[in-house]
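*Asks:* let's see this in three dimensions:
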Amino acid sequence: MRSISILLLFFLYPWHQPIWKKIQINGTAQGTTYHITYFAPDSPITKYQIDSILNKIDTSLSIYNPASLITRFNNTDSGITMDSHFNTVLQKSIYTWQQTGGISDITVAPLVQAWGFGPTKITNLPDSAAIRSLLPCIGSQLLYTNGNHLYKRKSCVHLDVNGIAQGYSVDVLADFIEAKGIRNYLVEVGGEIRVKGRKQPGNEKMKIGIEAPGDDVFQLSMIQKIIVTDSGAITTSGSYRKFYESEGKRISHIIDPRTGYPSQNELISVTVYARDAITADAFDNALMVMGLKKAMEFVEKRNDISAHFIYRTPAGAIADTATSRFYPLLQPGLKTN
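*Replies:* Okay, here's the model as predicted:
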C-alpha cells in the first residue's frame with residue numbers, strides 16, 4: 001500500500017523542469033565590444049567579473065597598455081617573466097608559427113607599426129629600404145624561454161599578439177562561465193565566438209552568421225551563410241576589417257612576415273571553425289596570407305580546423321567555398337558557391 005501511495009504522488013507531482021532565463025552581458029574591452037549570452041535558471045555571473053577578467057588579460061597582452069607585460073618585453077633587452085596568460089598565448093603562437101612555416105608570427109610587430117597599424121601614428125608609408133631593415137628583427141626563432149622567463153636574441157624584436165589574443169580572451173571567458181556551472185552559452189569578443197550547449201528552453205542549436213562585408217569597394221552581394229552548432233569556436237579574418245587607402249591602393253593590416261608587406265591575394269575573408277577560439281584565431285590570419293589554393297590544401301590536411309573562404313575570382317566576381325569538414329556546420333539549404 002505504501003509503494004502505491006508513493007507512485008501516485010510521483011504522478012500527481014511530476015518533476016519540474018528548470019525555469020530558464022536568457023541572460024546577456026555586454027560591454028567594451030580590448031578596443032572592441034563583447035557580448036555574452038547564456039541560459040540558466042539564475043544569474044551567477046556579473047559584468048564586473050567579466051570586465052575584471054578582460055582587464056587582467058590586457059595587463060598582460062595589450063600593446064596599447066604602456067604598463068602591460070608585452071609592452072615591457074618590447075621595451076627591454078633583458079626579457080620578462082611571463083604570467084599564465086602570456087605563456088599560454090606564446091606557446092600557441094610558437095606552435096602556429098611552426099605549423100605555418102613562419103606565416104603566422106607574433107614578432108611581426110615592427111612591420112605592423114611601420115605600416116601604420118601599431119600604437120604609434122605614422123606620417124609616411126615605409127619604402128623598400130625601410131622594410132629590408134626591419135626583416136632581420138622578424139622571426140619567432142629570435143625568441144627563447146627559460147622556465148617562465150622570455151628572452152629575445154635581438155633588442156629590435158617586438159611582439160604583437162593581436163592576431164590571437166581575442167580568441168584566447170574568448171576561451172578564458174568561456175572557461176570561467178563553465179566553472180560557474182553554465183552549460184549553454186555564447187561568448188563573443190570582437191567578432192570571435194565560442195559556443196557550447198543550446199538555446200533554452202527550446203533546446204535549439206546556436207546559429208552564427210558568417211560575416212560578409214558589403215562595402216562599395218568590394219561590391220559584395222551579401223553571401224548568406226549560417227553556422228549551426230552546439231560546440232566549438234568560430235573566428236574570422238578579413239582584409240576589409242582594418243585597412244586604409246594610399247595612392248589608390250588598399251593597405252591591409254594583415255602583414256606577410258616573410259616579405260614585410262601587406263598580404264595581397266584573392267581572399268577577402270576566412271572564417272575558421274575549431275574546438276577552441278585560440279586555435280581558430282591563431283590560424284585565420286595565416287590562411288589569409290596563404291591565398292585560396294594553399295589555404296584550402298593546408299586546412300584539408302588537418303583535423304583540428306575547418307574553414308570557409310570568401311574570395312574574388314579572376315573575372316572580379318565575389319564567390320565563396322569551404323573545406324570538406326566545414327559543410328556539415330552550415331544550415332541546411334545554404335550551400336557555398
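*Asks:* and Thr279, how far from Ser104?
*Replies:* 12 Å (Cβ to Cβ, to the nearest Å). All C-beta spots, glycine's among them, are computed from the backbone N, C-alpha and C.
*Asks:* secondary structure class for the nearest residue in space to Thr120 that is not next to it in sequence?
*Replies:* In space, and not counting its chain neighbours, Thr120 is closest to Gln113: 6.2 Å by Cβ to Cβ, 6 or more residues apart in numbering. Here Gln113 is recorded as helix under DSSP: H, G, I helix; E, B strand; the rest coil.
*Asks:* so who does Gln113 touch?
*Replies:* 119-120, 122, 158 (Cβ atoms under 8 Å, 6 or more residues apart in numbering).
*Asks:* just Lys301 next, same as before
*Replies:* With Cβ under 8 Å, 6+ apart as the criterion, no residue contacts Lys301.
*Asks:* returning to that earlier point: report the lowest-confidence entry in the contacts of Gln113.
*Replies:* Least confident entry in the contacts of Gln113, by pLDDT: Ile122, with 83.
*Asks:* what about it, distance to Asp281?
*Replies:* 26 Å.
*Asks:* which of the two has more neighbours?
*Replies:* When neighbours are counted by other Cβ atoms under 10 Å, Asp281 comes out ahead of the other of Ile122 and Asp281, with 31 against 12.
*Asks:* and the residue nearest to Thr120, how close does it get to Ile63?
*Replies:* Distance from Gln113 to Ile63, by Cβ to Cβ: 9 Å.
*Asks:* quick check: neighbours shared by these two?
*Replies:* Pro119.
*Asks:* ok, so what distance separates Arg72 from Ala114?
*Replies:* Applying Cβ to Cβ to Arg72 and Ala114 gives a distance of 21 Å.
*Asks:* compare those two (neighbour count), which wins?
*Replies:* Just comparing Arg72 and Ala114: by other Cβ under 10 Å the higher neighbour count belongs to Ala114, 19 against 14.
*Asks:* quick one: contacts for the more buried one?
*Replies:* Ala114 touches 122, 126, 130-131, 134, counting by Cβ under 8 Å, 6+ apart.
*Asks:* mind putting the residues you listed into a markdown table with secondary structure and distance to Ile305?
*Replies:* Shown next, in a markdown table, are those (DSSP: H, G, I helix; E, B strand; the rest coil; distance: Cβ to Cβ, whole Å):
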| residue | secondary structure | distance to Ile305 |
| --- | --- | --- |
| Ile122 | coil | 34 |
| Pro126 | coil | 32 |
| Ala130 | helix | 34 |
| Ile131 | helix | 30 |
| Leu134 | helix | 30 |
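*Asks:* what about the helices in the protein?
*Replies:* 2-12, 47-61, 69-74, 84-99, 109-114, 128-134, 162-179, 277-290, 292-300 (DSSP state H).
*Asks:* could you tell me the least trusted of those?
*Replies:* Of all those, helix 2-12 has the smallest average pLDDT, which comes to a mean of 44.
*Asks:* neighbours around Gln331, how many?
*Replies:* That count, for Gln331 with other Cβ under 10 Å as the rule, works out to 15.
*Asks:* for it, which non-adjacent residue is spatially closest?
*Replies:* Nearest non-adjacent residue to Gln331 (Cβ to Cβ, 6+ apart): Ile226, at 4.0 Å.
*Asks:* so that neighbour sits against Leu329, correct?
*Replies:* No - counting by Cβ atoms under 8 Å, Ile226 does not reach Leu329; the two are 9.2 Å apart.
*Asks:* show me which of those two is the more surrounded one.
*Replies:* Using other Cβ under 10 Å as the criterion, Ile226 and Leu329 rank with Leu329 on top: 20 against 14.
*Asks:* how far away is that one from Asp105?
*Replies:* For Leu329, the distance to Asp105 - Cβ to Cβ - is 29 Å.
*Asks:* about what we covered before: Provide a ChimeraX selection command restricted to the buried entries of the contacts of Ala114.
*Replies:* The ChimeraX selection below is limited to those of those classed as buried (16 or more other Cβ atoms under 10 Å):
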select :126,131,134
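*Asks:* which one of the contacts of Ala114 is nearest to Val187?
*Replies:* Ile122 (34.1 Å; Cβ to Cβ).
*Asks:* what's the local residue count around the closest residue to that closest one other than its chain neighbours?
*Replies:* Excluding the flanking residues, the one nearest Ile122 by Cβ to Cβ, 6+ apart is Gly116, at 4.6 Å. By the criterion of other Cβ under 10 Å, Gly116 has 18 neighbours.
*Asks:* go ahead and confirm Gly238 touches Met288.
*Replies:* Yes - between Gly238 and Met288 there is a contact under Cβ under 8 Å: 7.5 Å.
*Asks:* who touches His43 in this structure?
*Replies:* I think there's a mix-up here, since residue 43 is Ser and not His. 21, 23 are the contacts of Ser43 under Cβ under 8 Å, 6+ apart.
*Asks:* so what does it have for phi and psi?
*Replies:* phi -120, psi 80 (degrees, to the nearest 10).
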